[in-house]
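# Prediction below, plus the sequence it came from.
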Amino acid sequence: MNKTATKLRLRNTSFSNPHGLSNKGNKSTAEDISILCCYFIKDEFLKSVTNTKEFISTVTSYKGK
């Protein structure tokens with residue numbers, strides 16, 4: 001997300017985690033978030049993810065070495 005923020009010239013935004021959940025290190029401004037939202041709604045992959053009404057996933061156990 002920080003790479004995307006830099007690419008979009010979001011000068012007042014930085015993320016401290018990849019998922020965006022509450023964290024004191026996540027910071028932004030309303031202006032930067034509006035720019036990010038405009039980018040988001042133009043991205044076809046992100047649009048398809050958010051328009052998905054149902055997704056079924058199978059979880060299997062993994063035994064690492």
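In hand now; what should we look at?
# Show the pLDDT at Lys65.
Lys65 is assigned a predicted lDDT (pLDDT) of 61.
# quick one: contacts for Asn26?
When the contact criterion is Cβ atoms under 8 Å, 6 or more residues apart in numbering, the partners of Asn26 are Ser14, Phe15, Ser16, Asn17, Gly20. Every residue, glycine included, has its C-beta placed from N, CA and C.
# how deep is the residue nearest to the second one when sequence neighbours are not counted tucked in, by neighbour count?
Distance criterion Cβ to Cβ, 6 or more residues apart in numbering; nearest residue to Phe15, sequence neighbours excluded, is Met1 at 4.3 Å. A total of 16 residues lie near Met1 under the criterion other Cβ atoms under 10 Å.
# wait, doesn't Met1 sit right on His19?
No: the pair formed by Met1 and His19 falls short of the contact definition of Cβ atoms under 8 Å, at 9.3 Å.
# where's the dip in pLDDT among the contacts of Asn26?
When the contacts of Asn26 are compared, the smallest pLDDT is that of Gly20, 67.
# Show me which parts of the longest helix seen in the chain are buried, residue by residue.
Counting by DSSP state H, the longest helix found in the chain is helix 30-42. Within helix 30-42, the residues that qualify as buried are Asp32, Ile35, Leu36, counting by 16 or more other Cβ atoms under 10 Å.
# Which strands or helices does it pack on?
Contacts of helix 30-42 with other secondary structure elements, assessed using 3 or more Cβ pairs under 8 Å, 6 or more residues apart in numbering; DSSP states H and E, are made with helix 2-7.
# can you list contacts of the helix or strand of the chain with the lowest mean pLDDT?
Every helix and strand of the chain was ranked by mean pLDDT, DSSP states H and E. The lowest is helix 44-50, at a mean of 88. Contact with helix 44-50 is made by Phe40, Ile41, as judged by Cβ under 8 Å, 6+ apart.
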